[in-house]
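>>> Okay, sequence plus prediction incoming.
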Amino acid sequence: MQNLTPRRVTIEESLRLGVEAGWYSTKVSGTFVSGPHDTEADCLHKIAEINPPPAKGRPR
């Protein structure tokens with residue numbers, strides 16, 4: 001399981017990094033995993049798709 005977080009890339013930073021401005025899901029290392037997304041909510045939705053919460057069930 002990856003620990004992904006949302007990160008906003010501003011226009012100034014996007015020019016420096018060579019990516020579009022917007023919200024990106026990133027690894028702890030700072031590597032972009034998905035994006036750009038229009039809003040933080042869209043980004044969080046994608047993170048949930050990539051990293052679904054563990055299923056609750058009976059321990060085996």
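Yep, it's here.
>>> since we're on the closest residue to Phe32 other than its chain neighbours, how many residues are nearby?
Distances taken as Cβ to Cβ, 6 or more residues apart in numbering place Tyr24 nearest to Phe32, at 4.7 Å, with adjacent residues excluded. Heads up, the C-betas are built off the backbone N, CA and C, glycines and all. If you count neighbours by other Cβ atoms under 10 Å, Tyr24 ends up with 24.
>>> repeat for the one 4 residues further on
Other residues near Val28 number 9, with proximity taken as other Cβ under 10 Å.
>>> now swap in the one 4 residues further on and tell me
Phe32: 14 surrounding residues under other Cβ under 10 Å.
>>> Repeat that for Ala48.
12.
>>> Quick check: end-to-end length of stretch 7-25?
Taking Cα to Cα, to the nearest Å, the first and last residues of stretch 7-25 lie 6 Å apart.
>>> ok, residues contacting that stretch?
Applying Cβ atoms under 8 Å, 6 or more residues apart in numbering, the contact partners of stretch 7-25 are 4-6, 26, 32-40, 42-43, 46-47, 50.
>>> at 6 Å instead, please
Contacts to stretch 7-25, defined as Cβ atoms under 6 Å, 6 or more residues apart in numbering, come from residues 4, 6, 26, 32-37, 40, 43, 46-47.
>>> if we can go back for a sec, beta partners of the residue nearest to Phe32?
Tyr24 forms beta bridges with Arg7, as assigned by DSSP bridges.
>>> For Gly35, see how far away it is.
Per Cβ to Cβ, to the nearest Å, Tyr24 is found 3 Å from Gly35.
>>> do Leu15 as well
Leu15 is 16 Å from Gly35, by Cβ to Cβ.
>>> Of these two, which one has the most company?
Gly35 (20 against 11).
>>> List the contacts of the more buried one.
Gly35 touches 22-24, counting by Cβ under 6 Å, 6+ apart.
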